[in-house]
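Visitor: sequence? don't have it. structure:
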């Protein structure tokens with residue numbers, strides 16, 4: 001069992017990384033491996049709605065999105081971390097997530113892959129960024145893993161985060177809860193299979209003529 005950890009911060013050793021490392025260390029203590037992907041320091045453009053992926057099974061832009069897709073397929077869980085910019089997640093990360101989730105929507109079954117968002121901020125805006133990332137999970141039949149507070153750490157530098165004792169505690173509890181949920185889902189899947197998802201119905205209100 002493995003968790004894909006996506007860091008959306010351009011600062012590879014910054015506040016977001018510090019929070020993610022606390023979760024990663026906890027997961028490893030519970031025998032869950034992790035695979036880190038850093039996207040905040042890469043050139044990633046947004047989706048252009050060309051639907052190339054529908055025909056070819058991968059995004060038309062061959063960058064970190066296509067490199068990450070196989071890791072997503074193999075993972076039992078996903079953690080996505082982001083700094084907070086203007087009360088939202090990093091725009092580069094959101095462009096990455098738009099393309100990753102859309103281009104794999106028919107090729108990778110994300111059903112029951114445990115998922116969590118982790119955000120870091122100096123002061124405020126964290127919960128709106130947190131909600132923004134969680135929406136990728138709730139549209140994909142991915143159960144969101146909770147903790148004992150919203151999954152956030154605070155600080156202007158990674159050293160500041162060391163003083164956010166409650167934030168680091170929240171990260172550890174998140175790791176414990178994710179390990180438990182992944183193992184519980186794996187056990188249930190082996191005994192009775194994953195819940196079947198209905199597909200095919202697509203409501204729109206466009207009328208011809």
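Guide: It's in. Quantities reported herein were computed from a predicted structural model and do not represent experimental measurements. Numbering: from 1, shown residues only.
Visitor: what residues does the one helix or strand residue 131 maps to touch?
Guide: Counting by DSSP states H and E, the element that carries residue 131 is helix 126-138. For helix 126-138, contacts defined as CB atoms under 8 Å, 6 or more residues apart in numbering pick out 78, 80, 82, 84-85, 87-89, 94, 97, 101, 115, 117, 119-121, 143-144, 150-152, 154. In this view, the C-beta of every residue, glycine as well, is placed from N, C-alpha and C.
Visitor: Kindly recompute the last result at 6 Å.
Guide: By CB atoms under 6 Å, 6 or more residues apart in numbering, the residues outside helix 126-138 that reach it are 80, 84, 87-89, 97, 101, 115, 117, 119, 144, 150, 152.
Visitor: repeat for stretch 28-37
Guide: With contact meaning CB under 6 Å, 6+ apart, stretch 28-37 is reached by 1-6, 24, 27, 68, 71, 179.
Visitor: Show me where the protein has its helices.
Guide: In order along the chain, the chain carries the following helices (DSSP state H): 15-29, 52-56, 64-74, 91-103, 126-138, 158-162, 165-192.
Visitor: Mean neighbour count and mean pLDDT for these - can I get that in CSV?
Guide: Shown next, in CSV, are those (neighbours: other CB atoms under 10 Å; pLDDT from 0 to 100):
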stretch, mean neighbour count, mean pLDDT
helix 15-29, 22, 98
helix 52-56, 14, 95
helix 64-74, 17, 97
helix 91-103, 21, 97
helix 126-138, 18, 97
helix 158-162, 16, 96
helix 165-192, 17, 97
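Visitor: Residue 40: which of these is closest?
Guide: Among the helices of the chain, helix 91-103 comes nearest to residue 40, with 6.1 Å by CB to CB.
Visitor: Check the offset of the closest one from the chain's centre.
Guide: Counting by CA atoms, centre = their mean, to the nearest Å, helix 91-103 is centred 10 Å from the centre of its parent chain.
Visitor: What is that helix packed up against?
Guide: Using 3 or more CB pairs under 6 Å, 6 or more residues apart in numbering; DSSP states H and E, no helix or strand is in contact with helix 91-103.
Visitor: So what touches it?
Guide: Here helix 91-103 makes contact (CB under 6 Å, 6+ apart) with 8, 39, 44, 46-47, 53, 59, 65, 82, 136.
Visitor: List buried members of those residues by neighbour count.
Guide: Burial by neighbour count, 16 or more other CB atoms under 10 Å: within those this picks out 8, 39, 44, 47, 53, 59, 65, 82, 136.
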